[in-house]
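Trainee: compute the structure for the input listed below.
(one chain, ligands or ions: 2)
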Amino acid sequence: MTDLQCDVAIIGAGTAGLAAQRSARKLGASTLLIDPEFRGTTCAATGCMPSKLLIAAGDAAHAVRDAGAFGIAANPEVDGRAVMRRLNKVRARFVQGVKDSISDLPEAVRITARARFDGPDRLLLDDGRSLAAKSVVIATGATPALPEPFRAVSDNILTNETIFDLEDLPRSVAVLGAGPIGVELAQALGRLGVEVAVFDIGDTLAGMQDSQVGETLRELLAEELPLHLNTEAEVAPADDGVRLTWDGQSRTFEKLLLAVGRPPNFDGLDLGNAGIALDDHGAPEFDRQTLRCGTSSIFIAGDANSDRPLLHEAAHEGHIAGRNAASCPDVAEFSRMVPFALTFTRPEAAEVGIIPDPDDASFVGASAPYDDQGKARVEHRLGGLCRLYARHADGKLTGASLCAPDAGHLAHIFALAIGRGLTATDLLNMPYYHPTLEEGLKSALRTLCKETGQDQPNTREDDAVRGL
Ligand SMILES: Cc1cc2nc3c(=O)[nH]c(=O)nc-3n(C[C@H](O)[C@H](O)[C@H](O)COP(=O)(O)OP(=O)(O)OC[C@H]3O[C@@H](n4cnc5c(N)ncnc54)[C@H](O)[C@@H]3O)c2cc1C
Ligand SMILES: NC(=O)c1ccc[n+]([C@@H]2O[C@H](COP(=O)([O-])OP(=O)(O)OC[C@H]3O[C@@H](n4cnc5c(N)ncnc54)[C@H](O)[C@@H]3O)[C@@H](O)[C@H]2O)c1
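Mentor: Ligands and ions are numbered 1, 2, ... in the order given. Prediction:
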């Protein structure tokens, strides 16, 4: 006997869990959505949105500082408390929007509790109740890693869970980890006048796979941030913060922002009782097309599966998992979206599709530099490099690595082109308005046409005025 029964139980009411619930219910399944907090998704509360609010504030300060280049004298005076007040006010709106949509669900569907497996189709809730489900979707998200050496300074550690709750900006912050979280927040804080230094044990910034574009991003960020790559800093408590020691140097920072990865939330989930195969890290093995764990009726979606921990993927995976959980064992194989990651540094850094190994002769690559591009010069935003890739055999575009002003917009063109199997010729056949940042891609597209033996619909002479 169990206290609750349903067709599909969803553990976790984040972006993936909410999408799974919707999709399962749409197919007529009875659902239960379980979450201890219903706090309004990581994206809205402690992820995408508050980080972009901090970046937007950093942009505003930077624009004022940069105004001299246009003949406008100005000096930004950053009021840290006002910056954090605005961030929190706008964040609260985003969070409320999610909470409102959760409140629209029938009350009986929302179970405020922490769940753990008691068997493949049986969950125990921390309020003492038990639940039987035909299928289960694990959508428990991820949590910032707090490795052992950092516990000694935990009083002064910030993570994405806590930094946005600050009432004022700190004076100085050491950022550990130069992944997307680390570099986005480090640059935003630096632009807001916080003394920032970034440390990473590796040499990759924002997970960029293309070494040339990654190096360009490194050079551009190093103009405004001290970057200590390939560096293992030691941390120790200090009277006024945290003391970092590295390469014979030592410095105290008021806070340490820990951004060294976000492992999935499996603590207390008792996955060992779920009857599914687990990998060496204790994570469920699953199929990317169905999101099913083996031949079980358990599915896993969003950051919990660590596959592509991004918002649009969490939403898509939630849909796949919810649909398949509702129709299990009749599961469908979904084709997955073109890989697309975008880090909101300035300039932005994005990668779409497959970035080939430089020695792989089955792909051709071409470069589009942004250090002398007309529109970027107009806006005083020069700097960057894009590398575009196509398959040698048929000229189809396969990947793009972009570090350029508004690279996020440029990247969406490639997400569409790669998804539709277009060639560089196809992209050159569309109109390019002048003057735009998109025009900067044309020379690389022409090179790809030439290298893959495809037509070149536009020649350089077609450009409005060379060099603009
Ligand atoms: C600082 C930051 C910035 C980011 N910026 C971007 C960005 O700009 N663009 C982008 O695409 N992505 C970004 N991301 C990634 C994006 O936020 C995540 O990929 C996405 O939010 C994951 O959604 P999810 O549903 O998997 O997890 P979540 O939204 O975290 O939901 C997981 C839910 O599971 C619940 N839960 C956990 N354990 C249990 C349990 N035992 N029982 C019941 N419930 C449980 C939690 O309470 C939570 O509500 C960012 C992430 C961070 C941290
Ligand atoms: N714009 C976006 O889409 C966006 C923004 C933020 C986060 N995210 C998502 O969130 C995920 C997590 O981001 P993240 O930046 O925390 O993790 P990450 O795993 O991408 O990067 C962690 C970085 O920390 C470094 N590191 C590990 N241990 C270290 C140590 N002891 N000292 C110093 N450096 C160390 C790693 O070398 C790596 O560069 C990302 O993979 C991304 O999918 C996306």
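
Trainee: tell me which residue in the stretch 301-450 of the chain sits closest to ligand 1.
Mentor: residue 302 (2.3 Å; CB to the nearest ligand atom). In this view, the C-beta of every residue, glycine as well, is placed from N, C-alpha and C.

Trainee: contact partners for that residue?
Mentor: 12, 14-17, 139, 141, 309, 313-314, 317-318 (CB atoms under 8 Å, 6 or more residues apart in numbering).

Trainee: how about a cut-off of 7 Å?
Mentor: Taking CB atoms under 7 Å, 6 or more residues apart in numbering, we find residue 302 in contact with 14-16, 139, 141, 314, 317-318.

Trainee: what of residue 27?
Mentor: Shown in contact with residue 27 (CB under 7 Å, 6+ apart): 323, 326-327.

Trainee: distance check, residue 47 against residue 304.
Mentor: Distance of residue 47 to residue 304, computed by CB to CB, to the nearest Å: 14 Å.

Trainee: neighbour count: these two, which is higher?
Mentor: Each of residue 47 and residue 304 has its neighbours counted (other CB atoms under 10 Å); residue 304 has more, 29 against 23.

Trainee: the more buried one belongs to a strand, doesn't it?
Mentor: No - counting by DSSP: H, G, I helix; E, B strand; the rest coil, one finds residue 304 to be helix, located in no strand.

Trainee: list the residues that contact it.
Mentor: 138-141, 264-265.

Trainee: dump these to a markdown table, plus distance to residue 382, pLDDT and neighbour count.
Mentor: Conversion of those to a markdown table gives the following (distance: CB to CB, whole Å; pLDDT from 0 to 100; neighbours: other CB atoms under 10 Å):
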| residue | distance to residue 382 | pLDDT | neighbour count |
| --- | --- | --- | --- |
| 138 | 46 | 99 | 33 |
| 139 | 43 | 99 | 33 |
| 140 | 44 | 98 | 27 |
| 141 | 39 | 98 | 25 |
| 264 | 41 | 98 | 22 |
| 265 | 43 | 98 | 18 |
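
Trainee: correct me if wrong: residue 254 contacts residue 170.
Mentor: Yes - contact criterion CB atoms under 7 Å: residue 254 and residue 170 qualify, at 4.5 Å.

Trainee: where strands are concerned, which of the contacts of residue 27 count?
Mentor: Using DSSP state E, no member of those sits in strands.

Trainee: so which of the residues you listed sit within helices?
Mentor: Among the contacts of residue 27, the members found in helices (DSSP state H) are 323, 326-327.

Trainee: what is the nearest of the residues you listed to ligand 2?
Mentor: Closest approach between the ones in helices among the contacts of residue 27 and ligand 2, by CB to the nearest ligand atom: residue 323, at 23.6 Å.

Trainee: ok, back up a step: columns neighbour count on top of the ones in helices among the contacts of residue 27, output as TSV?
Mentor: Below are these laid out as TSV (neighbours: other CB atoms under 10 Å):
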residue	neighbour count
323	25
326	24
327	17
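
Trainee: pick out whichever of these sits closest to residue 81.
Mentor: Ranked by distance to residue 81 (CB to CB), the ones in helices among the contacts of residue 27 are led by residue 323 at 46.2 Å.

Trainee: follow-up on the earlier one: so how far is ligand 2 from the residue of the stretch 301-450 of the chain closest to ligand 1?
Mentor: Counting by CB to the nearest ligand atom, to the nearest Å, the separation of residue 302 from ligand 2 is 11 Å.

Trainee: next one: residue 272
Mentor: In terms of CB to the nearest ligand atom, residue 272 sits 26 Å off from ligand 2.

Trainee: how about that residue, secondary structure?
Mentor: Relying on three-state DSSP, one would call residue 272 helix.

Trainee: give me the three-state assignment for residue 184.
Mentor: helix.

Trainee: do I have it right that it meets residue 342?
Mentor: No - using CB under 7 Å, residue 184 is not in contact with residue 342; the gap is 10.4 Å.

Trainee: between those two, which is the more surrounded one?
Mentor: Comparing residue 184 with residue 342 by neighbour count (other CB under 10 Å), the higher total belongs to residue 184, at 24 against 20.

Trainee: what sits against that one?
Mentor: 51, 55, 343-345.

Trainee: what values do phi and psi take at the residue lying closest to residue 406 once chain neighbours are set aside?
Mentor: Leaving aside its chain neighbours, residue 406 sits nearest to residue 437 (5.4 Å; criterion: CB to CB, 6 or more residues apart in numbering). Main-chain dihedrals, residue 437, degrees, to the nearest 10: phi -70, psi -30.

Trainee: and if you look at the one 4 residues further on?
Mentor: Taking degrees, to the nearest 10, you get phi -90, psi -10 for the backbone angles of residue 441.

Trainee: for it, the count of nearby residues, please.
Mentor: Neighbour tally, residue 441, other CB under 10 Å: 26.

Trainee: hmm, residue 368 and it touching each other?
Mentor: Yes - counting by CB under 7 Å, residue 368 is a contact partner of residue 441 at 5.1 Å.
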